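Colleague: I'd like to go over a predicted model; first the sequence, then the structure.
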Amino acid sequence: MRLEELSRLLVGARVNGDPAAEVKGVAVDSRSVRPGDLFICIPGVRQDGHDYADHAKRQGAAALVVERPLETGLPEIVVKDARHAMAAIACHVYGYPSHEMKVIGVTGTNGKSTVTHLLDHIFAEQGAVTGLMGTLGIKFGGRQYPTLNTTVDALEMQRWLRLMRDAGTEYCFMEVSSHALAMGRVKGVNFRTAVFTNLTQDHLDFHGTMEAYKAAKGLLFSRLGNTFSATPDGRKYAVLNADDEVSREFANCTAAHTVTYGFSREADVRADRIRYSPQGTRFRIESFAGEAEFHIPLVGKFNVYNALAATAAALCEGLALSDIAGRLATAKGAEGRFQTVSAGQPFLVIVDYAHTPDSLENVLSTISEFAEGRIYCVFGCGGDRDRTKRPVMGRIAARYSDCVILTSDNPRTEDPRVILEEVERGIREEGMPSSDYYIIEDRGLAIEKAVDLASPGDVVLIAGKGHETYQEINGVRIPFDDRVVAEQAIRRRMQ
C-alpha cells in the first residue's frame, strides 16, 4: 500500500514526505514494528507513541501516522486524531471483515461474558460457525487465544476479525467495554446488533462520573447507523433491558429496531413463573415470537436476565423460541461465573467474578435464596480502580453474609492494607460485629479459612477474580487461581 492511498481514508490528513512510500503492515507498538511497517503514534494516558517514533524507525518503520510533525526523516501522515486514523486504516488494511459476518456486541456493567457465551452456545448448536471476543479471550476455530483487555484495540480488533472470517466465522459475539467505546477501539466494526445488560457503579476511576460512564455505553447504540433496510439481513437491532431506566435513553439515541427484555409487562421478551434451585432455574418466556418453558443450568435472577438478553438477540436473527429454549437447556455459564468447586465436601463452594457492588449483591442475594446454612463471603477490591465502591461492597457483603473474610483482590500498585481498611469501613457501617468478619491479606489463607469454617449445608462464596489465573501485586502478576486454591484447601480439610 502507498502512503497516499491510506491518507485518502482520512479527511483533512496531509502527507509530509514521499506520498508514494510503500508500507507492508501497520503497528502501534514500536517493539512489534517490522521492516516496512507504518507506525501509528498513539497518545496514551501513561505513554505517548510519538516518543517511540525513533525506536520504530530503528526497527525498520517505513512511515508514521502522527498528530504533530516529527523530525525523524520518515514520511508522515499528519492527522487530528491518531486513534480514529488507526481504526480507519485498520479496517482498510484488513478488508473490512465485520461487513462479511454478523457481529453482535454486548455492553453493560455486568453479564457481558455470560450473554456472549450463551449466544455462542445457541448459534453453535444451531450449526452456525461462531467466534467469541471478550474478557476470557478470543475463541474461534476450536482454539482459545488470551488477550490483555476485554476489548482489544482497533488494530488488533480488525486483525482478529479478519482471522475469524477467514476461518469461516458467520457470527461474532463480542463483549464491548466502556473503555473500548470511549477510546475508539470498536470504531469501524459493523455491528449487526447491540445488546445492553445493565448499568451500575463501576469504572468511575476512568470515566469520572456515572453520566460519563453511561454516555460511553450509549455510543454502541448511536453508532448502529441511521438507515433502514427492506431485507432482514440489512437490519440493525438494539436489544435493551426494559427494567433498566437507562434503556430509554439508549432507545432514543439509535435508529435501530429496538427489542426489549425483562420482567416488565411492557417487555417484548418477558420472563415469569420463575423457580430457582441450586441446580438451575426454570421460567416461562412470553415474546413476540410466542411462549416457551425454559430450564437453564444457571442459578439466579441475574442469569434469567442474561438468558433473556441472549434469547431476544437470537429471536432477532429469526431463530424459533422453542429452539432457543432447547439450546439454553444445555448451556454452560462463562468460566468463573457462579462456578462451583467440588472435591467431596458437604458444603457448597462457589467462585464468581463479582467485582462490582451490583454483581456482588446479585450473587449473594441468589445464594441467600437457597442456602440452608451459613454464608461465608471471601472478597476484596482491586487496587488502582474506583475507590468509592469499596465501602459500598463492604456493606453489601455484611448485609447478605453470616461471615465475611476480607482479603486482597488485585492490589496492583496500591498498599493492600489501605484497600482493606476502606472496605472494612463499609462492613462496620452495616453493623456487622468484629467477631463475624476476618481480615486476612493473603488471599490463599483467606480461602483456606473460609473452607475450614464451613459446616455441612453452608455456602462459601469466593468473589472478585472468577476466571483469572493470576494475582497482581506491586505491578507483578503471580500465578493464582481461586478455583485451584479452593480445591486444594478442600482436599486438605477432607484428608
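Modeller: Sure thing, it's come through. Numbers count the residues shown, from 1 in each chain.

Colleague: now do the strands in the stretch 51-200 of the chain.
Modeller: 63-66, 76-78, 102-107, 130-134, 137-140, 143-145, 171-175, 191-196 (DSSP state E, counting those that start in this stretch).

Colleague: can you redo these as TSV with distance to Gln339 and mean neighbour count?
Modeller: Backbone N, C-alpha and C define where each C-beta goes, glycine included. Shown next, in TSV, are the strands of the stretch 51-200 of the chain (distance: least, Cβ to Cβ, whole Å; neighbours: other Cβ atoms under 10 Å):
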stretch	distance to Gln339	mean neighbour count
strand 63-66	43	26
strand 76-78	47	24
strand 102-107	20	26
strand 130-134	16	25
strand 137-140	16	20
strand 143-145	17	11
strand 171-175	18	26
strand 191-196	23	26
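
Colleague: now render those strands as JSON lines, adding mean pLDDT and distance to Glu245.
Modeller: Formatted as JSON lines, these follow (pLDDT from 0 to 100; distance: least, Cβ to Cβ, whole Å):
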{"stretch": "strand 63-66", "mean pLDDT": "97", "distance to Glu245": "41"}
{"stretch": "strand 76-78", "mean pLDDT": "97", "distance to Glu245": "44"}
{"stretch": "strand 102-107", "mean pLDDT": "97", "distance to Glu245": "16"}
{"stretch": "strand 130-134", "mean pLDDT": "96", "distance to Glu245": "26"}
{"stretch": "strand 137-140", "mean pLDDT": "95", "distance to Glu245": "33"}
{"stretch": "strand 143-145", "mean pLDDT": "93", "distance to Glu245": "37"}
{"stretch": "strand 171-175", "mean pLDDT": "97", "distance to Glu245": "23"}
{"stretch": "strand 191-196", "mean pLDDT": "97", "distance to Glu245": "12"}
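
Colleague: let me have the ones you listed in a markdown table, extended by distance to Ala397.
Modeller: Listed next are those as a markdown table, based on distance: least, Cβ to Cβ, whole Å:
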| stretch | distance to Ala397 |
| --- | --- |
| strand 63-66 | 48 |
| strand 76-78 | 52 |
| strand 102-107 | 27 |
| strand 130-134 | 26 |
| strand 137-140 | 29 |
| strand 143-145 | 32 |
| strand 171-175 | 26 |
| strand 191-196 | 27 |
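
Colleague: of all those, which lies closest to Asn226?
Modeller: Nearest to Asn226 among those is strand 191-196 (13.7 Å), distances taken as Cβ to Cβ.

Colleague: just the local confidence number for Lys214, please.
Modeller: The model reports Lys214 with a pLDDT of 86.

Colleague: quick one: secondary structure of it?
Modeller: helix (DSSP: H, G, I helix; E, B strand; the rest coil).

Colleague: contact partners for it?
Modeller: The neighbours of Lys214, taking Cβ atoms under 8 Å, 6 or more residues apart in numbering as the test, are 199, 246, 249.

Colleague: the residue lying closest to the second one once chain neighbours are set aside: neighbour count?
Modeller: Pointing back at Val246 there. Leaving aside its sequence neighbours, Val246 sits nearest to Leu199 (Cβ to Cβ, 6 or more residues apart in numbering; 4.7 Å). Other residues near Leu199 come to 24 when the count uses other Cβ atoms under 10 Å.

Colleague: gap between Leu199 and Met432?
Modeller: Using Cβ to Cβ, to the nearest Å, Leu199 is found at 28 Å from Met432.

Colleague: Val45 too?
Modeller: Applying Cβ to Cβ to Val45 and Met432 gives a distance of 37 Å.

Colleague: now the nearest residue to Phe288 once chain neighbours are set aside. Its backbone dihedrals?
Modeller: Spatial nearest neighbour of Phe288, chain neighbours left out: Asp268 (5.4 Å); criterion: Cβ to Cβ, 6+ apart. Main-chain dihedrals, Asp268, degrees, to the nearest 10: phi -70, psi -30.

Colleague: so which of the contacts of Lys214 are in helices?
Modeller: Using DSSP state H, 246, 249 are the members of those that sit in helices.

Colleague: between the contacts of Lys214, which is nearest Gly225?
Modeller: Closest approach between the contacts of Lys214 and Gly225, by Cβ to Cβ: Glu249, at 18.0 Å.

Colleague: mind listing what the closest one touches?
Modeller: 214, 218.

Colleague: please report how far it lies from Ser178.
Modeller: Counting by Cβ to Cβ, the gap from Glu249 to Ser178 is 15 Å.

Colleague: what does Ala90 give?
Modeller: 21 Å.

Colleague: what does Gly49 give?
Modeller: 23 Å.

Colleague: sec struct for Val26, please.
Modeller: Strictly by three-state DSSP, Val26 counts as strand.

Colleague: next up, the contacts around the residue nearest to Val246.
Modeller: 108-109, 210, 213-214, 217, 244, 246.

Colleague: Leu224 contacts Lys236, doesn't it?
Modeller: Yes - with contact defined as Cβ atoms under 8 Å, Leu224 counts as touching Lys236 (4.6 Å).

Colleague: between these two, what contacts are shared?
Modeller: If you check Leu224 and Lys236 against Cβ under 8 Å, 6+ apart, the residues they both contact are 191, 254-256.

Colleague: walk me through the domains of the chain.
Modeller: Split into domains by automatic domain parsing, the chain comes to 3-93, 97-328, 339-494.

Colleague: coming back round to it: what pLDDT is listed against the residue nearest to Val246?
Modeller: Leu199 is assigned a pLDDT of 90 by the prediction.

Colleague: where's it relative to Gly184, distance?
Modeller: Distance of Leu199 to Gly184, given as Cβ to Cβ: 21 Å.

Colleague: report pLDDT for Ala329.
Modeller: Confidence score, pLDDT, at Ala329: 96.

Colleague: number of residues surrounding it?
Modeller: By other Cβ under 10 Å, the residues close to Ala329 number 13.

Colleague: that one contacts Ile296, doesn't it?
Modeller: Yes - between Ala329 and Ile296 a contact is recorded at 6.8 Å, counting by Cβ under 8 Å.

Colleague: show me which residues of the longest helix along the chain are buried.
Modeller: In the chain, with assignment by DSSP H, the single longest helix is helix 301-316. The neighbour-count check on helix 301-316 (16 or more other Cβ atoms under 10 Å) flags 301-316 as buried.

Colleague: try stretch 68-80
Modeller: Within stretch 68-80, the residues that count as buried by 16+ other Cβ under 10 Å are 70, 72, 74-79.

Colleague: adding distance to Gln471, write those out as JSON lines.
Modeller: Converted to JSON lines, the buried residues of stretch 68-80 look like this (distance: Cβ to Cβ, whole Å):
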{"residue": "Leu70", "distance to Gln471": "40"}
{"residue": "Thr72", "distance to Gln471": "41"}
{"residue": "Leu74", "distance to Gln471": "42"}
{"residue": "Pro75", "distance to Gln471": "45"}
{"residue": "Glu76", "distance to Gln471": "43"}
{"residue": "Ile77", "distance to Gln471": "42"}
{"residue": "Val78", "distance to Gln471": "43"}
{"residue": "Val79", "distance to Gln471": "40"}
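
Colleague: closest one of those to Gly60?
Modeller: Using Cβ to Cβ, Leu74 comes nearest to Gly60 of these, at 10.6 Å.

Colleague: I'd say the closest one and Val66 touch.
Modeller: No - in this structure Leu74 lies outside contact range of Val66 using Cβ under 8 Å: 9.5 Å.
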